[in-house]
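>>> need a 3D model of the following:
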Amino acid sequence: MSEIEQFEQTVSNLSTQNLAQFRAWFLEFDARVWDEQIASDLKAGKLDSLLAEARAEYEQGKTRPL
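Numbers count the residues shown, from 1 in each chain. Predicted structure coming up:
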């Protein structure tokens with residue numbers, strides 16, 4: 001059995017309360033990892049073209065308030 005399969009089995013056997021606790025922890029963890037990835041990509045310049053495109057569209061009046 002792979003590590004993922006073992007993990008799936010463990011999660012499947014959690015009580016309702018423990019599953020809720022795990023879910024809350026995982027959402028926080030996943031958001032933190034995502035934020036770190038975005039920060040890393042931004043620092044590495046991987047988002048520069050997207051930022052330039054967004055600025056250009058804003059300057060051309062192609063945007064609208066949210």
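>>> what separates the residue of the chain most remote from its centre from Glu53, distance-wise?
Most distant from the centre of the chain: Gln60, at 30.2 Å, with distances by C-alpha atoms, centre = their mean. Plainly put, Gln60 is 11 Å away from Glu53 if you go by C-beta to C-beta, to the nearest Å. Quick note: C-beta positions are derived from backbone N, CA and C, even for glycine.
>>> likewise for Trp25?
Taken as C-beta to C-beta, the span from Trp25 to Glu53 is 36 Å.
>>> what's the average pLDDT for the host helix or strand of Gln6?
Taking DSSP states H and E as the definition, Gln6 sits inside helix 3-12. For helix 3-12, mean pLDDT rounds to 97.
>>> could you do stretch 45-55 as well?
97.
>>> rewinding a little: look up phi and psi at the residue farthest from the centre of the chain.
Taking degrees, to the nearest 10, you get phi -90, psi 0 for the backbone angles of Gln60.
>>> now the angle between helix 3-12 and the longest helix along the chain, please.
Assignment by DSSP state H gives helix 16-43 as the longest helix of the chain. Relative orientation of helix 16-43 versus helix 3-12 (axes from the mean of the first three to the mean of the last three C-alpha atoms, to 10 degrees): 130 degrees.
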